[in-house]
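*Asks:* got a structure for you, letters missing:
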């Protein structure tokens with residue numbers, strides 16, 4: 001079946017529902033954290049509870065602690081399981097072009113007017129969204145197949161002003177690695193390279209000794 005034989009909404013729904021998420025029984029987890037930034041190394045402990053709230057402990061540097069906390073929040077928010085209707089029920093969908101990789105553009109109308117996505121091989125491989133007065137574009141080049149949905153492996157992100165199109169901040173490249181702990185896939189390493197005005201910064205977060213809560 002080609003994409004011309006199914007609606008843009010059905011194609012997007014299938015890819016949306018193919019994302020890997022944690023189920024309602026997810027108990028939360030604890031882990032040790034090693035955070036490296038441009039030669040500096042910080043260590044501590046982290047917790048993500050069953051409600052997917054994140055906390056960072058024993059990281060003395062406040063800036064490093066905030067970076068780790070922000071990354072944990074980013075990790076957890078993408079594992080929340082929400083139905084397609086709850087997230088996109090007020091949106092409309094229409095096809096755009098197909099690029100050289102076979103990725104199909106899908107434009108959003110309705111509540112999220114102006115947003116757009118690309119779908120390739122039943123995965124959302126590009127996200128273009130207006131969030132809190134800024135436009136974020138995330139392009140995924142490779143993914144992990146967990147057998148229970150896909151997880152992004154390598155991807156990049158960039159922010160733009162929605163009115164002027166001016167780039168805000170640098171372009172970041174990500175590489176994520178996961179391990180299965182009990183019944184759940186959990187991030188154990190994230191490498192981030194950000195280039196801003198010709199200067200590159202590297203961050204690496206390594207999560208070890210990952211343990212599910214109440215197990």
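*Replies:* Arrived safely. The structure displayed is predicted, hence computed values, not measured ones. Numbering: from 1, shown residues only.
*Asks:* for residue 9, helix, strand, or coil?
*Replies:* Judged by DSSP: H, G, I helix; E, B strand; the rest coil, the three-state class of residue 9 is helix.
*Asks:* wait, it sits on residue 93?
*Replies:* Yes. Shown here, residue 9 and residue 93 form a contact pair, counting by CB atoms under 8 Å, at 4.2 Å. For every residue, glycine as well, the C-beta is placed using N, CA and C.
*Asks:* the more surrounded of those two?
*Replies:* residue 93 (19 against 15; other CB atoms under 10 Å).
*Asks:* tell me the contacts of that one?
*Replies:* 7, 8, 9, 12, 106, 107, 108, 109 (CB atoms under 8 Å, 6 or more residues apart in numbering).
*Asks:* could you redo the last one with a cut-off of 10 Å?
*Replies:* Residue 93 makes contact with 7-13, 106-110, 116-117, according to CB atoms under 10 Å, 6 or more residues apart in numbering.
*Asks:* which among these count as buried?
*Replies:* The neighbour count (16 or more other CB atoms under 10 Å) marks 8, 11, 12, 13, 106, 107, 108, 116, 117 as buried among the contacts of residue 93.
*Asks:* closest to residue 77 among the residues you listed?
*Replies:* Within those, the smallest distance to residue 77 is 17.5 Å, found for residue 117 (CB to CB).
*Asks:* what are the bridge partners for the closest one, then?
*Replies:* residue 106, residue 127 (DSSP bridges).
*Asks:* give me the pLDDT for it.
*Replies:* Per-residue pLDDT puts residue 117 at 96.
*Asks:* likewise for residue 165?
*Replies:* Per the predicted model, pLDDT is 87 at residue 165.
*Asks:* I figured it hits residue 134, correct?
*Replies:* No. Taking CB atoms under 10 Å as the definition, residue 165 is not a contact partner of residue 134, at 11.7 Å.
*Asks:* compare those two (neighbour count), which wins?
*Replies:* Taking other CB under 10 Å, residue 165 and residue 134 do not tie; residue 134 has more neighbours (13 against 8).
*Asks:* count the neighbours of the closest residue to the more buried one other than its chain neighbours for me.
*Replies:* Excluding its sequence neighbours, the residue lying closest to residue 134 (CB to CB, 6 or more residues apart in numbering) is residue 159, at 5.3 Å. Number of residues near residue 159 (other CB under 10 Å) recorded here: 17.
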